[in-house]
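1. Take this sequence and fold it.
(2 chains)
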Amino acid sequence: MKILTVALQVELIKLRRTLAFWLMLIAPLSIVGLTVLFDIRLAADVSGADRDAWSTLIRDTLGFWVVLMLPLFIALESALLAQLEHGQNMWKHLFALPIPRWTVYTAKLLISILIVGMATVFLFLGVLGAGGLIQALHLRTDFHWGPPDPSWATALRTTGLVFLLSWGMIALQTYVSMRWSSFTVTLGVGIMGSIATFIFVRSLTLAAVLPWLLPFNALDPYIKQGAGLVAPLMASSIFTIVLTVLGAWDLSRKDIL
Amino acid sequence: MPNNRPGSDLTMISAIQTSDLTRHFREVKAVDHIALQVPQGSIFGFLGPNGAGKTTTIRLLLRLIRADKGTIRILDLEMPKNRQLILQKIGALVELPSLYPHLTGYENLDITRRILGRDRQQIANVLKIVGMEKEARRLVRAYSLGMRQRLGLALALLGDPELLILDEPMNGLDPAGIKEMRALIKHLAYDRGITIFLSSHLLSEVEQIATHVGIVANGTLIFQGTLDSLRTGQAPYIRIEIDRPASAAQVLSARGYTVMSSQGSTLHISSESEMSTARITSLLIENQIAVSHISRVVPSLEELFTNLTAGGK
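-> Residues are numbered from 1 along each chain as shown, chains lettered A, B, ... in the order given. Model (predicted):
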């Protein structure tokens, strides 16, 4: 456990001055900005903001996040994190040190999860900030800012579930990015996942099994999907466990040339 | 040379010992049944032309790649059974140093320090050894190649190693940098008692500091021992240029001389004494063979190394 803590500390040092670090802020806040732009240009009665502006803002932000940004964000983050090692062939230095190889893999996965978790927090805080700003600047006086329905608790739970259901996707992209040194392969898989999300997001069966589509199931209180959470949560857990074991095993056996 | 010259009082305890070490890459035998014996306390120059198998051997020693066959013992511990323990006791610099360019030199050292479980003071110690205290807070991407090499060496020294494995540490350095690196390696071996395993493709780079050498060509170890024992292979010979080499070879052979080689109008004859040149000249003239050049040649260590490695091809 101690060695894993050290590996995590080391990963945090490596994040300094990297795009991977700044992207954790840029990606969620750009989605919040896009949603605000989208919502303030729509007729309030079309978006539903004339009755419940908070709920509309939460629904649209989470929707755009899950469908437009999350698959690409995770692909880009995992590629950037893995490139820190592939880029300068850091493996030959790291693996000549007395550290079990699996800890390097696990720490990389945990950092990716942490980054996505932080981005999710910034996304939620961004929604709160954006709502406050729209009110303060009187951008839309026809919006109604009463207590949201679904409640704030549901909004928080939904955001948390989006994060939890993204673990399978993080595990998959981490595996791909650590296994193949090419940036193109990792991004290619991410782009393919994004397209799949776009096309199959309303398919009950695929949205419950494809790792890129799993977070969409969390939006059920806002966008009725009906698949429930048990199957997607199980799928996300299975992907996470299987791909982590496979990735750590693969890296442990890898020849460092 | 001072009495504390590394390897001078060798009790033949091996810092590195391999047997039958073999590794293929598809059909190519990169390392072929290598049996290394690196004495503890020595500066061991691991020499061979590019592509001879030096880096592959080093990667096998560090368990960066797996051997197809053979055993490895490092500091009396079996690899890979005791991988963690062995890696705790050795420092390595494989080819160009692996560094995070977006971090400072200090941050690069801090990463390795944490993995090795050393305190911060150790960073200051190694920076002092490699003379980089002033540059440590600069981003590595702004470092020259020489500075990167020194930082790479500092990384290898962080764990206070008993054995230092350096793969072509002088690659890309200018003459001043090479001189500095040599001095640093000598200091580590003489003053700190670290066994140094140092690979190079140039004998001239290591012959001034190595106590022992191993020569590898085409994946095979063709020589290992002290530099002095390598020098015993430096038998002088006589080089003659004549108009009729075939007749000359016949005449000289009939008189008991050994013709080592013949190329065009040049013959190489084994030489036993300084007097041979005079006797051979008279003999050839007596047989109406015109001699345009005759000299006694003592081959340099470099020439010997080249001949040895060329022989392996």
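2. Could you use CA atoms for every contact and neighbour count after this?
-> Will do.
3. Output the below-cut-off pLDDT ranges for the stretch 201-313 of chain B.
-> Applying pLDDT under 70 to the stretch 201-313 of chain B flags the ranges B:233, B:272-275, B:311-313.
4. so how far is stretch A:159-168 off the chain centroid?
-> Relative to the mean C-alpha coordinate of its chain, stretch A:159-168 is positioned 7 Å out (CA atoms, centre = their mean, to the nearest Å).
5. Let me see the ranges of the helices in the stretch 1-150 of chain A.
-> Secondary structure of the stretch 1-150 of chain A (DSSP state H, counting those that start in this stretch): helices at A:2-14, A:19-41, A:44-47, A:49-64, A:70-86, A:91-94, A:101-136.
6. Go through the ones you listed and find the least confident stretch.
-> Lowest mean pLDDT within the helices of the stretch 1-150 of chain A: helix A:44-47, a mean of 91.
7. Alpha carbons only: can I get that one in PDB?
-> Taking C-alpha atoms only, helix A:44-47 is exported to PDB below (Å, rounded to 0.1, in the frame of the first residue of the first chain):
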ATOM      1  CA  ALA A  44     -37.300  29.800 -22.300                       C
ATOM      2  CA  ASP A  45     -40.500  27.900 -22.900                       C
ATOM      3  CA  VAL A  46     -38.700  25.600 -25.300                       C
ATOM      4  CA  SER A  47     -35.900  24.800 -23.000                       C
END
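8. Are there helices or strands packed against it, and which ones?
-> Under the contact criterion of 3 or more CA pairs under 8 Å, 6 or more residues apart in numbering or on different chains; DSSP states H and E, helix A:44-47 touches helix A:49-64.
9. what angle separates the helix it packs on from helix A:101-136?
-> 160 degrees (axes from the mean of the first three to the mean of the last three CA atoms, to 10 degrees).
10. Flag every buried residue along helix A:49-64.
-> Across helix A:49-64, burial judged by 16 or more other CA atoms under 10 Å in any protein chain shown covers A:49-63.
11. Tell me which of the helices of the stretch 1-150 of chain A is the most buried.
-> helix A:70-86 (a mean of 24; mean count of other CA atoms under 10 Å in any protein chain shown).
12. Show me what that one is packed against.
-> Counting contacts by 3+ CA pairs under 8 Å, 6+ apart, helix A:70-86 is packed against helix A:19-41, helix A:101-136, helix A:167-179, helix A:183-200.
13. Please work out which residues outside that helix touch it.
-> Residues outside helix A:70-86 that contact it (CA atoms under 8 Å, 6 or more residues apart in numbering or on different chains) are A:14, A:19-20, A:23, A:27, A:90-91, A:108, A:112, A:116, A:169-170, A:173-174, A:177-178, A:181, A:183, A:186-187, A:189-191, A:193-194, A:212, B:100.
14. related to what we said a few turns ago, to B:I238, which of the helices of the stretch 1-150 of chain A lies closest?
-> helix A:91-94 (48.7 Å; CA to CA).
15. now check that closest one, is it near chain B?
-> Yes - using CA under 8 Å from any CA of the partner chain, helix A:91-94 reaches chain B at A:K92, A:H93.
16. Give me the three-state assignment for B:F46.
-> Look at B:F46: counting by DSSP: H, G, I helix; E, B strand; the rest coil, its state is strand.
17. ok, what's across the strand from it?
-> B:S199, B:G214 (DSSP bridges).
18. Give me the neighbour count for it.
-> Neighbours of B:F46 under the rule other CA atoms under 10 Å in any protein chain shown: 30.
19. Next, see if the longest strand belonging to chain B gets close to chain A.
-> Looking across chain B with DSSP state E, the single longest strand is strand B:14-25. No - for strand B:14-25, no contact with chain A is found by CA under 8 Å from any CA; the gap never falls below 10.9 Å.
20. what comes up buried for that strand?
-> Of the residues in strand B:14-25, B:S14, B:A15, B:I16, B:Q17, B:T18, B:D20, B:L21, B:T22, B:R23 count as buried by neighbour count, 16+ other CA under 10 Å.
21. gap between it and the chain center?
-> 16 Å.
22. Adjacent strands (with direction) for that strand?
-> Using DSSP bridges, strand B:14-25 pairs in its sheet with strand B:28-34 (antiparallel), strand B:37-39 (antiparallel), strand B:69-74 (antiparallel).
23. who in the stretch 51-200 of chain A is up against chain B?
-> Residues of the stretch 51-200 of chain A lying near chain B (CA under 8 Å from any CA): A:L84, A:Q88, A:N89, A:M90, A:K92, A:H93, A:F95, A:A96, A:L97, A:P98, A:I99, A:P100.
24. Quick one: which of the residues you listed is the most crowded by neighbours?
-> Neighbour counts for those (other CA under 10 Å) peak at A:L97, which has 26 neighbours.
25. tell me the contacts of it?
-> Counting by CA under 8 Å, 6+ apart, A:L97 makes contact with B:Q84, B:L87, B:Q88, B:T112, B:I115, B:L116.
26. ok, and which of those reach chain A?
-> Restricting those to those near chain A by CA under 8 Å from any CA leaves B:Q84, B:L87, B:Q88, B:T112, B:I115, B:L116.
27. Apply the buried test to those residues and list what passes.
-> Neighbour-count burial (16+ other CA under 10 Å) is assigned, among the ones next to chain A among the contacts of A:L97, to B:L87, B:Q88, B:T112, B:I115, B:L116.
28. Tell me if I'm right that A:V176 and A:G188 touch.
-> No - applying CA atoms under 8 Å as the test, A:V176 and A:G188 come out as separate, 10.2 Å apart.
29. Comparing those two, which residue is more hemmed in?
-> Neighbours were tallied for A:V176 and for A:G188 using other CA under 10 Å; the higher tally belongs to A:V176 (24 against 14).
30. count of residues packed around the residue nearest to that one when sequence neighbours are not counted?
-> Distances taken as CA to CA, 6 or more residues apart in numbering or on different chains place A:T186 nearest to A:V176, at 5.9 Å, with adjacent residues excluded. A:T186 has 28 neighbours, counted by other CA under 10 Å.
31. Spell out which parts of the stretch 1-150 of chain B neighbour chain A.
-> Counting by CA under 8 Å from any CA, the residues of the stretch 1-150 of chain B that sit close to chain A are B:59, B:62-66, B:83-88, B:92-94, B:97-100, B:102-103, B:107, B:111-112, B:114-116.
32. Can you tell me which of those are buried?
-> So, by 16+ other CA under 10 Å, the buried ones in the residues of the stretch 1-150 of chain B next to chain A are B:59, B:62-66, B:83, B:85-88, B:92-94, B:97-100, B:102-103, B:107, B:111-112, B:114-116.
33. got the residue ranges for the helices in the stretch 101-250 of chain B?
-> Assigned by DSSP H, counting those that start in this stretch, the helices in the stretch 101-250 of chain B fall at B:105-116, B:121-130, B:145-157, B:175-190, B:203-206, B:227-231, B:245-254.
34. and the helix or strand B:T306 falls within, what other elements does it pack with?
-> Per DSSP states H and E, B:T306 falls inside helix B:301-311. With contacts taken as 3+ CA pairs under 8 Å, 6+ apart, helix B:301-311 sits against helix B:203-206, strand B:212-217.
35. Mind listing residues that contact that helix?
-> Contacts of helix B:301-311 (CA under 8 Å, 6+ apart): B:G48, B:P49, B:L203, B:S204, B:I215, B:V216, B:A217, B:I222, B:L230, B:R231, B:G233, B:Q234.
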